[in-house]
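Peer 1: quick check, what structure comes out for this input:
(one chain, ligands or ions: 1)
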Amino acid sequence: MITLQDVAKFYNEGRPNEVRALEGVNLALARGGVTVLKGPSGSGKTTLLSVIACMARPSAGRVAVAGEVVSSLPERYLTELRRTMFGFVFQRFNLIRGLSVLDNVLLPSVPLGGERGAVAARAMARLGALGLAEKAQMPVEYLSGGETQRAAIARALINEAPILIADEPTANLDGHLTGRFLEIVAGLKAEGKTVIMTSHDPRIWGAAGVDRVVVLEDGRVVEGGA
Ligand SMILES: Nc1ncnc2c1ncn2[C@@H]1O[C@H](COP(=O)(O)OP(=O)(O)OP(=O)(O)O)[C@@H](O)[C@H]1O
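Peer 2: Numbers count the residues shown, from 1 in each chain. As a prediction, the model looks like this:
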């Protein structure tokens, strides 16, 4: 469902401070799989995740999502594609303080419109499945770390995007909550979602539900490539 052909990403291209963050990356990620991007700090994991999720344009090469070549699409199409195809869970979760859990979950659905009652019902169903139904009206700043993460996952899923993107999703979680996160990922996989995440966490690399570990070094895929 996602293919990368000879993808490169350079920052500050042609300047003395040029960084070759990705080079010669070939990958084909199947629909419904759980993939982890692993590698030393600075190896290009976040950059690769951004290119896959159409948040960063490759400097060279071709990226296709669900059969559509996205690497050359104009920005206005990419914005739409990001909203409909991808849900994002960031390391710091990026929830908006002062807003309730439910309002945070609903935020990404606003630009897509849709009947508000139906969207709210979907949000509540997802919060319920993640054990957060009773916290729906609570301001997010009162949530615990694990609850915050689950709220971020509910928000990432509100538009029913088929692909969940997560950057170091367990970096701020203890062992128990990491286990809980892996159960949630297994549930998403059973729903047919594709999950792509970066992780430094050995508990994630070896987890039962993880189908593939792609190892990066100096911007190149050295293991688990196409
Ligand atoms: N916006 C940017 N401008 C210039 N260089 C950048 C930018 N973003 C990333 N880089 C550089 O690109 C390289 C790859 O960075 P990236 O964040 O993708 O690595 P990473 O493997 O995710 O690292 P970490 O595990 O530390 O998060 C690094 O050398 C980094 O300094």
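Peer 1: Thr170: how many residues sit nearby?
Peer 2: Taking other C-beta atoms under 10 Å as the criterion, the count of residues near Thr170 is 22. To be clear about C-beta, it is placed using only N, CA and C from the backbone, and glycine gets the same treatment.
Peer 1: let me see the backbone angles for the residue nearest to it when sequence neighbours are not counted.
Peer 2: Counting by C-beta to C-beta, 6 or more residues apart in numbering, the nearest residue to Thr170 once its immediate chain neighbours are dropped is Thr178, at 4.5 Å. The main-chain torsion angles of Thr178 are listed as degrees, to the nearest 10 and equal phi -60, psi -40.
Peer 1: go ahead and confirm Thr178 touches Ala171.
Peer 2: No. Thr178 sits out of contact with Ala171 when judged by C-beta atoms under 8 Å, with a separation of 9.8 Å.
Peer 1: what do these two both touch?
Peer 2: Overlap between the contact sets of Thr178 and Ala171, as judged by C-beta atoms under 8 Å, 6 or more residues apart in numbering, is given by Asp201.
Peer 1: quick revisit: distance of the residue nearest to Thr170 from the ligand?
Peer 2: As defined by C-beta to the nearest ligand atom, to the nearest Å, Thr178 lies at a distance of 17 Å from the ligand.
Peer 1: dump the residue contacts of that residue.
Peer 2: 170, 201, 203-204.
Peer 1: how about a cut-off of 7 Å?
Peer 2: The contact partners of Thr178, by C-beta atoms under 7 Å, 6 or more residues apart in numbering, come to 170, 201, 203.
Peer 1: separation between the first one and Arg62?
Peer 2: Think Thr170. Distance, Thr170 to Arg62, using C-beta to C-beta, to the nearest Å: 31 Å.
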